[in-house]
Structure formats: C-alpha cells, structure tokens
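Asks: task: produce atomic coordinates for the following.
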Amino acid sequence: MDFLITTLLNALTLISILMLVGLGLAISFGLMNVTNLAHGEFVTVGAFAVYFVQSMGGSFWLGLAAAPIAGAVVGCILECHLYSRPVSTVLATWGVSLILQQGLELTFGLGAKPVTPPIEGTLDLVFTVYPAYRLILIGIAMLTLLGVILLISRTPFGLDIRTVIQNREMAEGVGINTRRTYAIAFTFGAAIAGLAGGLVAPLAIVLPQMGVNYLANAFFVVIVGGVGSIGGLVAGSVFVGGLTSILNYQISPSLAQAIVLLAAIVAVRLRPNGLFNGASR
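Replies: Model prediction:
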C-alpha cells in the first residue's frame, strides 16, 4: 500500500507539472496555431527567476511570484516578433530558444543552480509519508488549472478565446480584436509555463538547457489529449505523466521516454482528434 500510494503521488506530481507546461503550449498551439519551440525556455526562465531571487536573499515565495512575470515578459517580446513572421515561426522560435539558453549560461554561468524548497521534510499520510513540498506543488497546480477553467468559461476574455479558436474569421466579423486576443493569450501561456518552472525548480536540475525535456513532453500532452481543449490537456497529462512515472520505476528514463513516445504515436493514430475529443475519424 505504501509503494502504491507513493507511486500515485509521484505520478500526480509529474502530471501537475505537465498540465501547467502543456497549458501554455495549448494556448499558443491551439489558439494561434504556432509551433513554439521556445516554449520550454519559458519554463527555464521561471526556474532561474526563483534561483536569482533566492541567491539575492529573497524567499522562495517571492521568487515563485517573479517566475510567471519573467515568463510573461519573455513571451510578450517573442509574440510581437512571431506575429510579423508567421511563415518562419519554427525556425525563429528554435533560434530564440538557443539565444535564451546561451544568454542564461552567460549570465549565471555553467553548472546546476540550487533552489531550496520553502518547506523541508515529509507529511504523514497514514499509509505513507510524502515530501511536503510535492503536495504543495500539486495543490498550486490544481488551483491554477481551476483558475484557468473559470477564466475561459466565465469571463468575456475567455469567450473571446473560445470564439477565436472555433472560427477566427467569424470572431473578427463580430468585432473581436484577434490580434489583441492572441497577444494576451500567448503572454498568459508563457506566464503559466514560467510558474511551472518556478514550481519544479526545487525538484529539478536548474540548467539553461532544462526546458528541452519539458518541451517534448508538453507537445505529447497537447497532441495526445486533443488541441484546444482543457479536458484534452488533462487527459494528455494523465496519459504521458502517469505512463512515464510507472515506467521510470521499471526501466531507465531514456527507454521510458522512448516507450512514451511510441505510445503517444499509437494513441494519435487510433484517435487523431485526441483522447478527449471524441472518436477518430
């Protein structure tokens, strides 16, 4: 029972991280149809924001508050250039990712950067004990997801986003400023990715290249779950995060990643519209 609960909580931790990273990518990929290869660097920027604040004597929570701001600033700058160069988006975002990696390396130097969690130790959950910070991470991720769902389903801006996703031309015809909607949505997605980076920083090796791993898994999550759907995002996160967590106990991480990729390809082949978006056609 102890092993089972620990495995489930580890899976839930990874699922929570992937949901946050994938949420930002789902906004840019699903709303704007932008293949943003620099999305992983938003995660990296958020992690380095927490490290920088702590290295200056600030608390983890102050760094976590700065993480989404840092991601939003980088995302806002990038979005302005993406909009003017839609044809070369893949090449441009790949170049930006390399520039950001080298920029962070020149600024902070080589080597992993330590980030201290705000709470040390474990909590007794009756059947097992589990690191307290991981439980906090899961809680923050779930609250963030709930906030995004409420934003999209209950606010005028959320209605604009849903309208643009369904039909951009119709949205423009009824007076929605799609350019403004794109800019805010992309920046918001970058901020969520920055938050994910800040949350994962105490658990990960904070390096300028850390975002690459999260980028690949985020694309798996969005494509497997179904583009443009919060339910699809959750389904994709559970699929990728749960399978990865289970496999990591049995085999090496590299082989586990390869099997997850193969499983994602099979899932997309069987259900090209996504796990949440109905049967394949």
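Asks: going forward, measure contacts between C-alpha atoms and count neighbours the same way
Replies: OK.
Asks: list the contacts of stretch 43-63.
Replies: Residues outside stretch 43-63 that contact it (C-alpha atoms under 8 Å, 6 or more residues apart in numbering): 21, 64, 66-68, 70-71, 113-118, 193-201, 206-211, 214.
Asks: from those residues, which ones fall inside helices?
Replies: Mapping the contacts of stretch 43-63 onto helices (DSSP state H) picks out 21, 64, 66-68, 70-71, 193-200, 211, 214.
Asks: ok, then the element right after the strand or helix carrying Leu8?
Replies: Taking DSSP states H and E as the definition, Leu8 sits inside helix 2-26. Moving toward the C-terminus from helix 2-26, the next helix or strand (DSSP H and E) is helix 39-55.
Asks: for that following helix, buried residues please.
Replies: By neighbour count on 16 or more other C-alpha atoms under 10 Å, the buried set for helix 39-55 is 39-54.
Asks: closest to Tyr182 out of the residues you listed?
Replies: Comparing the buried residues of helix 39-55 against Tyr182 with C-alpha to C-alpha picks out His39 as the nearest, at 15.5 Å.
Asks: that closest one and Pro156: what is the separation?
Replies: Plainly put, His39 is 26 Å away from Pro156 if you go by C-alpha to C-alpha, to the nearest Å.
Asks: same question, Leu110
Replies: 45 Å.
Asks: same check, this time on Ser245
Replies: Ser245 is 38 Å from Pro156, by C-alpha to C-alpha.
Asks: now do Phe188
Replies: Going from Phe188 to Pro156 by C-alpha to C-alpha gives 15 Å.
Asks: more neighbours: which of those two?
Replies: Phe188 (23 against 11; other C-alpha atoms under 10 Å).
Asks: nearest spatial neighbour of that one, chain-adjacent residues omitted?
Replies: Closest residue to Phe188 apart from its sequence neighbours, by C-alpha to C-alpha, 6 or more residues apart in numbering: Ala72 at 6.4 Å.
Asks: give me the neighbour count for the one you found.
Replies: 26.
Asks: that one and Thr187 touch, don't they?
Replies: Yes. The pair Ala72 / Thr187 is scored as a contact, 5.0 Å apart, by C-alpha atoms under 8 Å.
Asks: overlap in contacts, those two.
Replies: Residues touching both Ala72 and Thr187 (C-alpha under 8 Å, 6+ apart): none.
Asks: so who does Gly197 touch?
Replies: 42-47, 67.
Asks: same thing but at 6 Å, please
Replies: Contacts for Gly197 were tallied using C-alpha atoms under 6 Å, 6 or more residues apart in numbering; they are 43-44, 46-47.
Asks: go on, Ala256?
Replies: Ala256 touches Leu247, counting by C-alpha under 6 Å, 6+ apart.
Asks: please begin residue numbering at 59 from this point
Replies: Renumbered: residue one is now 59, and that last one reads Ala314.
Asks: for the chain, what spans make up the strands?
Replies: For the chain, strands defined by DSSP state E occupy the ranges 180-182, 187-189.
Asks: re earlier: quick check, nearest of the contacts of Gly255 to Gly332?
Replies: Ranked by distance to Gly332 (C-alpha to C-alpha), these are led by Val101 at 24.7 Å.
Asks: against Ile242, how distant is the closest one?
Replies: For Val101, the distance to Ile242 equals 18 Å [C-alpha to C-alpha].
Asks: give the rounded mean pLDDT of stretch 162-175.
Replies: Mean pLDDT, stretch 162-175: 91.
Asks: tell me, how many residues neighbour the closest residue to Gly299 other than its chain neighbours?
Replies: Of all residues not flanking Gly299 in the chain, Ile73 sits nearest, at 4.7 Å (C-alpha to C-alpha, 6+ apart). Residues near Ile73, counting by other C-alpha under 10 Å, number 27.
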